[in-house]
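**Student:** output the structure for:
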Amino acid sequence: MKTVLITAFEPFDGERVNPSWEAVRHLHERMICGAHVVAKQLPCVFNESLRVLNETLDALKPDLVIAVGQAGGRTDISVERVAININDARIPDNAGNQPIDEAIVDGGPAAYFSTLPIKAIVEGIREAGIPATVSQTAGTYVCNHVMYGLLHALAKQKDPVRGGFIHIPLLPEQAVKHPGLASMPVQTVGLALEMAISIALTVEEDRRLEGGATH
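**Tutor:** Presented below is the predicted three-dimensional model:
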């Protein structure tokens, strides 16, 4: 049986909730397209988030990994294309760390591109009536830190595993404290993430079958 790891973050920057975890936790132990979904909360802390992520990757050995994070100000489901090798924090993380212009991995590639079928995911989510776009920047905070660290870890594995990152808007209960910022109900976000998992698994299975048919 395939395993899907989907991660999200704890609340940060004074918020009482993080929409990423509120949506992701409802997918824990679900079966999607025949795969077992495991949800894991990551600390919103530089380095510590990657320690927890890497331990989880080693323990689960998942077949697909999608990391999810909050992006206040985003108006839709934002499927990230690229993570860059830089930590440049506008605000401290939950442990008080505020790295400025520091590499995530010394000597690592300047960037990693998502290995998710990002355009297929966006198209599928839009067809369900949920706003979605491909995003060209994951920022330089802990979300980008985790996306880069995830793709760096997956790139070193012998067997290819697809992975990437999705940013989501605030929840309505958060947005009321931030006039002018967009929001999205947790149920809608959850449906979009479920679709992202389903599409990624389906595309991967189609590619596997096509590859097998050529031999």
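
**Student:** which sections of this protein are below the confidence cut-off?
**Tutor:** 211-215 (pLDDT under 70).

**Student:** which stretches of it form strands?
**Tutor:** 3-9, 31-32, 35-42, 64-70, 77-80, 82-84, 111-113, 132-135, 162-168 (DSSP state E).

**Student:** of those strands, which is nearest Arg25?
**Tutor:** strand 35-42 (5.4 Å; C-beta to C-beta). All C-beta atoms are positioned from the backbone trio N, CA, C, and that covers glycine.

**Student:** now the helices for the chain?
**Tutor:** Ranges of helices within the chain are 19-24, 48-60, 118-127, 142-155, 172-175, 186-213, based on DSSP state H.

**Student:** just the residues contacting the fifth one, thanks.
**Tutor:** Think helix 172-175. Under the contact criterion C-beta atoms under 8 Å, 6 or more residues apart in numbering, helix 172-175 has outside partners Glu15, Val17, Pro19, Gly72, Pro169, Leu181, Ala182, Ser183, Met184, Pro185.

**Student:** now the residues you listed in a markdown table, with distance to Leu209 and neighbour count?
**Tutor:** Shown next, in a markdown table, are those (distance: C-beta to C-beta, whole Å; neighbours: other C-beta atoms under 10 Å):
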| residue | distance to Leu209 | neighbour count |
| --- | --- | --- |
| Glu15 | 43 | 18 |
| Val17 | 41 | 15 |
| Pro19 | 36 | 29 |
| Gly72 | 41 | 16 |
| Pro169 | 36 | 25 |
| Leu181 | 43 | 15 |
| Ala182 | 39 | 15 |
| Ser183 | 40 | 20 |
| Met184 | 34 | 22 |
| Pro185 | 36 | 14 |
